[in-house]
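Undergrad: the sequence isn't on hand, but the structure is:
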Ligand SMILES: *Cc1c(COP(=O)(O)O)cnc(C)c1O
């Protein structure tokens, strides 16, 4: 399988190059040159297969010739070591719980798969690969946990001082070993600027082997298609049309679902549920794509004003708005809707949603009200409610238990190094540290 960018269809690169470079030479995002459908009987067979076997089947279909099948099998077995329950909550709604990984967010799927894949690509090399990431919270913790003690790889994560939650900070800064944290005296944008400058610095290019692990790497999208096949396979015996609702920010999770659909997964519709950051719902209504500065909401991992993966979705649908609308229904919800949904779903069904997953649930409920009565929905739950105790406890009016994995890291010693926003300081740190 070869990969080209959303803009330049004249040249293509190998999967290894796409993963290690992150972005194309034209600065655009990588996509598979073509997406082969899985045979119908291979999809039907998934009904009795495990998550690992389903993942392998989809991975082989996309990455044949790029990674040996035995290696894919090892990477998958080593990445998805946690439960992925599909919980039936009502007659028509099931929840796909993607939050049982190390950082209790769905980003663990991508981070764990990508780290092991990169380790495979650098195994033969005689030098270390350095992964640079700027984070505003969630990506950094998933990357830190995902790459922890992965051989041949050093990780350097920059985060804005005092601008992320104590829990997010503790999840990243208490690991040590090959994971180095830099607490930057500035905002997220300053962190991102430092990382971008390092990538184009010729002095560093000669001395260090740098790559990025942010949300636009194609290696993160591939594993995000697997769990759609899995969730569908658990409900397929009902023989009813299936829709997925995906709480979306950068639209990487949704893109994984659309990849699965291109590979042949029978999905009737995807619901892209957004918070007040409503660029995409507006685009689908009006045909005008208007990026905006991000707005702060209770579902803050979805606070994205210019979703980077949208160009991939446009590319998948050849910029045809009508065919995008055939597959995607999108709505925006306010924080008051988020809180009301957490409360109602708890009171009616005893199920506790986190603020992101609540947006997804609400989108699904609204869609199902207006669709044929036999349609069933899978609401994708992206984070454990225990990550957002204040919001959730306020909404349901009682205490919730924080998973031990989370509370434990709060008590461990944090070890970030402090950094100014000056590029020269960052460069000196990199040259000295590596
Ligand atoms: C990152 C994140 C999202 C948004 O996912 P995208 O792929 O950016 O659309 C939703 N929920 C949670 C909990 C997240 O961490």
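TA: On my side now, so go ahead. Not measured: the values here are computed from a predicted model.

Undergrad: the helices in the stretch 201-350 of the chain, which residues?
TA: All helices of the stretch 201-350 of the chain, identified by DSSP state H, counting those that start in this stretch, fall at 202-207, 218-221, 223-235, 252-262, 279-286, 310-316, 321-327, 335-349.

Undergrad: and stretch 273-283, how far from the chain's centre?
TA: Its chain's C-alpha centre and that of stretch 273-283 lie 18 Å apart, by CA atoms, centre = their mean, to the nearest Å.

Undergrad: buried set for it?
TA: By 16 or more other CB atoms under 10 Å, the buried positions in stretch 273-283 come out as 273, 274, 275, 276, 277, 278, 279, 280, 281, 282, 283. (Glycine included, C-beta is placed from N, CA and C.)

Undergrad: how about stretch 214-222?
TA: In terms of neighbour count (16+ other CB under 10 Å), stretch 214-222 has its buried residues at 214, 215, 216, 217, 218, 219, 220, 221, 222.

Undergrad: try stretch 141-160
TA: So for stretch 141-160, counting by 16+ other CB under 10 Å, buried means 141-148, 150, 152-160.

Undergrad: residues touching residue 281, list them.
TA: When contacts are counted by CB atoms under 8 Å, 6 or more residues apart in numbering, residue 281 is found next to 272, 274, 330, 331, 332.

Undergrad: so it versus residue 288, what's the distance?
TA: 12 Å (CB to CB, to the nearest Å).

Undergrad: ok, now residue 186?
TA: According to CB to CB, residue 186 stands 33 Å off from residue 288.

Undergrad: quick one, which of these two is more surrounded?
TA: Neighbour totals were compared for residue 186 and residue 288, and residue 186 leads with 18 against 8 (other CB atoms under 10 Å).

Undergrad: that one touches residue 421, doesn't it?
TA: Yes - counting by CB atoms under 8 Å, residue 186 does reach residue 421; the two are 4.0 Å apart.

Undergrad: what residues sit buried inside stretch 297-314?
TA: Of all the residues in stretch 297-314, those buried under the rule 16+ other CB under 10 Å are 297-304, 307, 309-314.

Undergrad: nope, stretch 249-266 is what I was after
TA: Of the residues in stretch 249-266, those buried by neighbour count under the rule 16+ other CB under 10 Å are 249-265.

Undergrad: and those residues near the ligand, which?
TA: With CB under 6 Å from any ligand atom as the criterion, the subset of the buried residues of stretch 249-266 in contact with the ligand comprises 249, 250, 251, 252, 253.

Undergrad: which member of those is positioned nearest residue 12?
TA: Relative to residue 12, the closest of those is residue 252; by CB to CB it sits at 21.6 Å.

Undergrad: what's the separation between the closest one and residue 222?
TA: To residue 222, residue 252 is 11 Å away according to CB to CB.

Undergrad: re the thing from before, could you dump the helices of the stretch 201-350 of the chain to JSON lines with mean pLDDT?
TA: Written out in JSON lines, the entries for the helices of the stretch 201-350 of the chain read as follows (pLDDT from 0 to 100):
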{"stretch": "helix 202-207", "mean pLDDT": "90"}
{"stretch": "helix 218-221", "mean pLDDT": "94"}
{"stretch": "helix 223-235", "mean pLDDT": "98"}
{"stretch": "helix 252-262", "mean pLDDT": "97"}
{"stretch": "helix 279-286", "mean pLDDT": "97"}
{"stretch": "helix 310-316", "mean pLDDT": "96"}
{"stretch": "helix 321-327", "mean pLDDT": "97"}
{"stretch": "helix 335-349", "mean pLDDT": "98"}
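
Undergrad: ok, which of these comes nearest residue 101?
TA: Taking the helices of the stretch 201-350 of the chain one by one with CB to CB, helix 223-235 is closest: 11.3 Å.

Undergrad: can you confirm whether the closest one lies near the ligand?
TA: No - between helix 223-235 and the ligand, judged by CB under 6 Å from any ligand atom, nothing touches; the nearest distance is 7.5 Å.

Undergrad: off-centre distance for that helix?
TA: Its chain's C-alpha centre and that of helix 223-235 lie 15 Å apart, by CA atoms, centre = their mean.

Undergrad: which helices and strands sit right next to it?
TA: Secondary-structure packing of helix 223-235 (3 or more CB pairs under 8 Å, 6 or more residues apart in numbering; DSSP states H and E): helix 51-63, strand 86-88, strand 93-97, helix 107-122, strand 242-247, helix 252-262, strand 376-381.

Undergrad: for it, which positions count as buried?
TA: In helix 223-235, the ones that count as buried by 16+ other CB under 10 Å are 223-235.

Undergrad: ok, the buried residues of stretch 273-283 vs residue 398, which is closest?
TA: Here the nearest of the buried residues of stretch 273-283 to residue 398, counting by CB to CB, is residue 275; it sits at 24.4 Å.
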